[in-house]
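Asker: 3D, please:
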Amino acid sequence: MSIHTNLILEADQRLRQESLDRIVQCLELLNQDQVWYHPNNNVNSVGNLVLHLSGNIRQYCCHGIGGQVDVRDRNAEFVSEQDIAKQSLVERITTTITDALEAINQQNVEDWSGMITVQCFEMTKLSALIHVIEHTSYHVGQITQMTKWLADVDTGYYADMKLD
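Answerer: Here you go, the predicted structure:
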């Protein structure tokens with residue numbers, strides 16, 4: 001299997017099969033008030049983190065990698081007084097990741113070294129993809145931590161695996 005094929009499969013594994021599944025699971029474990037809870041102005045709610053990931057993934061993958069129009073309003077992702085329903089958040093992040101993976105799948109091996117500008121940063125398309133996977137993983141960790149704290153649950157991400 002080629003590196004290009006592995007890259008596309010790895011993006012799907014990290015974004016859809018790990019991150020999206022974990023975000024959806026966490027949202028299902030929280031009630032509506034918990035989704036939007038933040039203990040102070042320096043900590044984002046789970047809802048704000050989902051909005052932020054949707055904006056970031058769409059901007060870097062759909063716009064940067066896929067060439068679509070940049071529609072991101074980054075400041076709106078952090079407005080703490082939002083009350084978007086959990087199901088709407090699930091639909092938004094699911095659509096975003098699906099669209100991002102479509103943009104990734106449309107790339108040829110030569111495209112990954114192409115230069116793009118996202119926000120004020122110049123990078124290759126490969127760098128943009130690495131950023132998205134890393135950035136998404138970071139915030140999924142925050143979402144998981146907040147879920148465990150608010151719902152007092154073990155998310156059991158690896159419960160069906162023998163890791164020893």
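Asker: Distance of the residue lying closest to Gly114 once chain neighbours are set aside relative to Gly156?
Answerer: Of all residues not flanking Gly114 in the chain, Lys125 sits nearest, at 5.3 Å (Cβ to Cβ, 6 or more residues apart in numbering). C-beta: built from backbone N, CA, C; applies to glycine. Distance, Lys125 to Gly156, using Cβ to Cβ, to the nearest Å: 35 Å.
Asker: more neighbours, the two?
Answerer: Lys125 (22 against 8; other Cβ atoms under 10 Å).
Asker: How confident was the prediction at the more buried one?
Answerer: Here, the pLDDT recorded for Lys125 equals 98.
Asker: Same check on Asp164?
Answerer: Looking at Asp164, the pLDDT reads 84.
Asker: who's in contact with Lys86?
Answerer: Going by Cβ atoms under 8 Å, 6 or more residues apart in numbering, Lys86 touches 27-28, 30, 32, 35.
Asker: Okay, and which of those map to helices?
Answerer: Of the positions in the contacts of Lys86, 27-28, 32, 35 sit in helices, assigned by DSSP state H.
Asker: List the backbone torsions phi and psi for Gln13.
Answerer: Note on Gln13: its backbone torsions stand at phi -60, psi -50 [degrees, to the nearest 10].
Asker: about what we covered before: can you tell me which two in the ones in helices among the contacts of Lys86 are farthest apart?
Answerer: The most widely separated members of the ones in helices among the contacts of Lys86, counting by Cβ to Cβ, are Glu28 and Gln32 (11.9 Å).
Asker: what's the longest helix in the chain?
Answerer: Per DSSP H, the chain has its longest helix at helix 125-151.
Asker: ok now stretch 131-141, how far from the chain's centre?
Answerer: Centroid displacement of stretch 131-141 relative to its chain, using Cα atoms, centre = their mean, to the nearest Å, is 6 Å.
Asker: can you check stretch 131-148 too?
Answerer: Worked out by Cα atoms, centre = their mean, stretch 131-148 lies 8 Å from the chain centre.
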